[in-house]
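J.: Predicted model, plus sequence, below.
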Amino acid sequence: MEGVDHLAHERNKSEFDVDAMKIVWAGSPHAFVVSDRISKLVASDPGFRKDNRSTLSRKELFKNTLRKAAYAWKTIIDLHLSEEEAAKLRFYVDEPAFTDVHWGMFIPAIKGQGTEEQQQKWLPLAYKMQIIGCYAQTELGHGSNVQGLETTATFDPQTDEFIIHSPTLTSSKWWPGGLGKVATHAIAYALLIVGGREQGVHGFIVQLRSLEDHSPLPGMTVGDIGMKFGNGAYNAMDNGVLRFDHVRIPRNQMLMRCAQYTCLCMPSDAKLILEPCILIRVSQVTCEGKYKQSDVPRQLVYGAMLYVRQTIVADASCALSRAVCIATRYSAVRRQFGSQNGGPETQVIDYKTQQSRLFPLLASAYAFRFVGEWLKWLYADVTQRLQANDFSTLPEAHACTAGLKSLTTTATADGIEECRKLCGGHGYLCSSGLPELFAVYVPACTYEGENTVLLLQVARFLMKTVSQLGSSKKPVGTIAYMTRVEHLMQCRCGVQRGFAELSADLVEAAVAHCQLLVVSKFIEKLQQEIPGKGVKQQLEVLCNIYALFLLHKHQGDFLSTGCITPKHAALANDELRSLYSQVRPNAIALVDAFNYTDHYLGSILGCYDGNVYPKLYEAAWKDPLNESVVPDGYHQYIRPLLKQEIRTARL
Ligand SMILES: CC/C=C\C/C=C\C/C=C\CCCC(=O)SCCNC(=O)CCNC(=O)[C@H](O)C(C)(C)COP(=O)(O)OP(=O)(O)OC[C@H]1O[C@@H](n2cnc3c(N)ncnc32)[C@H](O)[C@@H]1OP(=O)(O)O
Ligand SMILES: Cc1cc2nc3c(=O)[nH]c(=O)nc-3n(C[C@H](O)[C@H](O)[C@H](O)COP(=O)(O)OP(=O)(O)OC[C@H]3O[C@@H](n4cnc5c(N)ncnc54)[C@H](O)[C@@H]3O)c2cc1C
C-alpha cells in the first residue's frame, strides 16, 4: 500500500545514527544541506522527470535533453543558485549531456591551461553559457596516445595565426562529447608546428559554429558519431566527429599557460622565429633570441585530464552507491524459499551468498567515497604547488589520479553488473534502473584514459621508484612503504628485463598499489573525529570488510609471497563472515545514508518504501506496447501464420 514503509522493520534494526552517517557521506553538514535541498528540488519538479526516457527515440531523447539543460539553466538563474548548488542540480538531474563536458572539461581546461588574459576573455562567456564548449582531443586514429595526435596547428608568422588542419582521415576528431550538434567552441588538441619544427601537442580554442545561426563555420565538417552502447541515456550525448580544413585562429587562442610562443626581437630582415617560452618559469625569450630551456614538464598540457580523473573517482562512489542502494533494498524486500510451516519465505539478504556478493560492494562504495575525498585534496595541493613552480608532487598526483580512476571505475562497472544479477530477473527490467545505470557508467573504464593504459602509467611510476631505491631520493607520500622493499634492488637487473615483457604483471602490481591506497585512506578516515552514535563502528566494519575481501580475493598472491600463512587466510575468511553478520542489521540504514531520492535512483526495486510489486505491475502497463491489446503487426504477420493451410504432409 502507498504510504506504508515496507522496510520499516529493517530500518528499526539500525544500530547507528543514520542522520549522522548522511553527513559523513555528504562530506560535511553544509554539503548535506545543499545536497538534500537540491535533490528534493529536482525530484519535485516535473520538468526534470526521467521515467519516460526508455520509450523515447534517439532524436526525442536528444531534444528532451536539450530542453532539460535549458530548463536547468533557467532554474539556476531564477533561483540564484551558487556554483556549488548549480553543480549539485546538474548532478541530480542525472542526464548525460553537453553540459557535463562544458562544465567538467572545457572550463577546467581554460582555468588550468589558459593565461590570465585568456581566462579573463573566455571564462565569463563560458560561465554565462554564451558559448558552449567541448574538449576535442581524441581522434579517429588516436585516443590513448596523445603524442600521436595528427591534427596540426601550424603557425603563420605573416598573419600571426595558427592554421588548424586535419591532414588525414584518422586525424578527424572523434568522440568529444557535445561536439556533434551543440558546442559552439572546442578546445582542440593539435600538434604545434612553428617554423617547420614540431613542438608537441597543445590546446587551442577554436570556434566551431556561428553564434548567430549555429551553422558550422567555414572549414568545419562536424556531426554526431552515431548510436552508442545499449539504448541508454548516453545517447543523449552528441559525441561528435570534426574535420578541420585549414581553419585559421589568432595566435592568442593557443592555451599558453604552459607554453607561450612569442615573437623574437630580431633584425627586421630576419624571419620571425618562435620558440616555446614557458611562462611559469618566466623564461621570456630575450631580444637576442636566447631561450633558456625550461624544465617544466610538458605534461602540464595534460592538466585537464588530471582534474577530470579525480572527479571520476568521486563519481564512481556515487554510481556504485546507487546500484548498491537498489540491490540492498530489493534484497531485503525479496523473499525466496525457506518458508517454515507456511510462514514467510526467507529474505534473500539473509543468504550468506547474497551477503558475500553485496556487502563488499557496499563497503567499496564507502571506501571510494573517502579515497575520492583525499584525491580531491591531493589535486588541490598539487595545483597550489604548481602555482609556486613546485613540480615535486606532480608525478605522484598523476599516478594517483590515473591509478584510482582505473581501479574505481573497473570495480564500479563490475559492481553495477553484480547488483543487477543480485536482483534476479527484475534487475534486467529498465524500471529497475540498473541496465541504464550500467550503460551510462561503463564508458568510464575507457574515457579519460583507458584503464589499462593508465595502470601502465602507475606501473612506470612504481618501477621508477624501485630504480631510485638505495639512492639519496627516498620514496615519500603514497610510495613511502616501498622503502621496505629494498630486496627488490637486488632483482633490479631482472626488472630491467623489459617493462613491456613484464607489463601484465606490473599492471597487477599497480592495482595492488592502488588497493593499498584505498585501504590506507579508509583507515585514515577512521582516525578522524566522526560524530554520531555507532557511526565510526559501522565504518570500521565496512573498512574491515573492504580490506579482508581483498585479502580473500587475492589470497593466492598473499600466500605465494609469504605475506600470510594458510592459518591467517582461514582466520580472515572466518572474520569476513562475522563482519557480514554485523553489517546485516544495518544494511538498509547504511544505504539510506546515501540520501538518494526515488527520483534520482530511478528504480522501482530500490524505492525507499520497498513497495516493489505493485509498482512493478503498474509500470508494466505504461509501456507503449500495452497501448493496444492486439499488437500492431498481428493482422499483417501473425494472423496469416496462424491461419496458414499446412500444405506439406511433413509438417
Ligand atoms: C565524470 C567526469 C566529469 C566531467 C567530464 C565530462 C563528461 C564525462 C564524459 C566523458 C569525459 C571523458 C573525456 C575524455 O575522454 S578526454 C580524452 C581523454 N584522453 C586520455 O586520457 C588520453 C590518455 N593518454 C594520456 O594521458 C597520455 O597519452 C599517456 C598515456 C599518459 C602517455 O603520455 P605521453 O606524453 O606519451 O607520456 P609518457 O611518455 O608515457 O610519460 C612521460 C612522462 O610524463 C608523465 N605524465 C604522463 N601524463 C601525465 C599527466 N597527466 N600529468 C603529469 N605527468 C604525466 C609520465 O609519468 C612520464 O613521467 P616520467 O617521469 O616517467 O618520464
Ligand atoms: C563515452 C565516451 C566519451 C568520450 N568523451 C571524450 C571527450 O569528450 N573528449 C575526448 O577527447 N575524448 C573522449 N572520449 C575518447 C576517450 O578518451 C578515448 O576513447 C580513450 O582515451 C581511449 O582511447 P582509445 O579509444 O584510443 O583506446 P585504445 O588505446 O585504442 O585502446 C584499445 C586497447 O589497446 C590497449 N592499449 C593501448 N595502448 C596500449 C599500450 N601502450 N600498452 C598496452 N595496451 C595498450 C588498451 O588497453 C585497450 O585495451 C570518449 C570516449 C567515450 C567512450
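T.: Received the coordinates, thanks. Ligands and ions are numbered 1, 2, ... in the order given.

J.: Quick check: residues of the stretch 401-550 of the chain near ligand 2?
T.: Residues of the stretch 401-550 of the chain lying close to ligand 2 (CB under 6 Å from any ligand atom) are 443, 446, 447, 449, 450, 452, 453, 456. The C-beta positions use only the backbone N, C-alpha and C, and glycine is treated the same way.

J.: Most neighbours of all these, which one?
T.: Greatest neighbour count in those, by other CB atoms under 10 Å, goes to residue 449: 25 neighbours.

J.: for that residue, what are its contacts?
T.: Going by CB atoms under 8 Å, 6 or more residues apart in numbering, residue 449 touches 144, 305, 309, 402, 405, 406.

J.: want to throw the residues of the stretch 401-550 of the chain next to ligand 2 into CSV with secondary structure and pLDDT?
T.: Putting those into CSV (DSSP: H, G, I helix; E, B strand; the rest coil; pLDDT from 0 to 100) gives the following:
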residue, secondary structure, pLDDT
443, helix, 97
446, coil, 98
447, coil, 97
449, coil, 97
450, coil, 98
452, helix, 98
453, helix, 98
456, helix, 97
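
J.: Out of the residues you listed, which are close to ligand 1?
T.: Filtering those for proximity to ligand 1 by CB under 6 Å from any ligand atom leaves 447, 449, 453.

J.: Now render the residues you listed as JSON lines, adding distance to residue 323.
T.: Below are these laid out as JSON lines (distance: CB to CB, whole Å):
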{"residue": "447", "distance to residue 323": "19"}
{"residue": "449", "distance to residue 323": "23"}
{"residue": "453", "distance to residue 323": "26"}
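
J.: how many neighbours does residue 134 have?
T.: Residues contacting residue 134 under the criterion other CB under 10 Å number 28.

J.: Wait, a strand at it?
T.: Yes. Under DSSP: H, G, I helix; E, B strand; the rest coil, residue 134 sits within a strand.

J.: Residue 301 versus that one, what's the distance?
T.: 17 Å (CB to CB, to the nearest Å).

J.: Over to residue 448?
T.: On the measure of CB to CB, residue 448 and residue 301 end up 15 Å apart.

J.: And the two? Which one has more around it.
T.: Neighbours were counted for residue 448 and for residue 301 using other CB under 10 Å; residue 448 has more, 25 against 21.

J.: Helix, strand, or coil at the more buried one?
T.: Note that with three-state DSSP, the state of residue 448 is coil.

J.: and the residues of the stretch 401-550 of the chain next to ligand 2 as CSV, adding distance to residue 367?
T.: CSV is the format used below for those (distance: CB to CB, whole Å):
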residue, distance to residue 367
443, 23
446, 23
447, 23
449, 21
450, 23
452, 22
453, 24
456, 24
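
J.: how about the strands in the stretch 151-300 of the chain?
T.: 152-156, 161-165, 173-174, 185-194, 197-207, 220-224, 240-244, 247-250, 260-263, 274-277 (DSSP state E, counting those that start in this stretch).

J.: mind putting those strands in JSON lines, distance to ligand 1, mean pLDDT and mean neighbour count included?
T.: Output for these, formatted as JSON lines (distance: least, CB to the nearest ligand atom, whole Å; pLDDT from 0 to 100; neighbours: other CB atoms under 10 Å):
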{"stretch": "strand 152-156", "distance to ligand 1": "17", "mean pLDDT": "93", "mean neighbour count": "19"}
{"stretch": "strand 161-165", "distance to ligand 1": "18", "mean pLDDT": "96", "mean neighbour count": "21"}
{"stretch": "strand 173-174", "distance to ligand 1": "11", "mean pLDDT": "98", "mean neighbour count": "24"}
{"stretch": "strand 185-194", "distance to ligand 1": "9", "mean pLDDT": "95", "mean neighbour count": "24"}
{"stretch": "strand 197-207", "distance to ligand 1": "8", "mean pLDDT": "92", "mean neighbour count": "19"}
{"stretch": "strand 220-224", "distance to ligand 1": "15", "mean pLDDT": "98", "mean neighbour count": "16"}
{"stretch": "strand 240-244", "distance to ligand 1": "12", "mean pLDDT": "98", "mean neighbour count": "24"}
{"stretch": "strand 247-250", "distance to ligand 1": "21", "mean pLDDT": "97", "mean neighbour count": "16"}
{"stretch": "strand 260-263", "distance to ligand 1": "20", "mean pLDDT": "54", "mean neighbour count": "17"}
{"stretch": "strand 274-277", "distance to ligand 1": "16", "mean pLDDT": "35", "mean neighbour count": "20"}
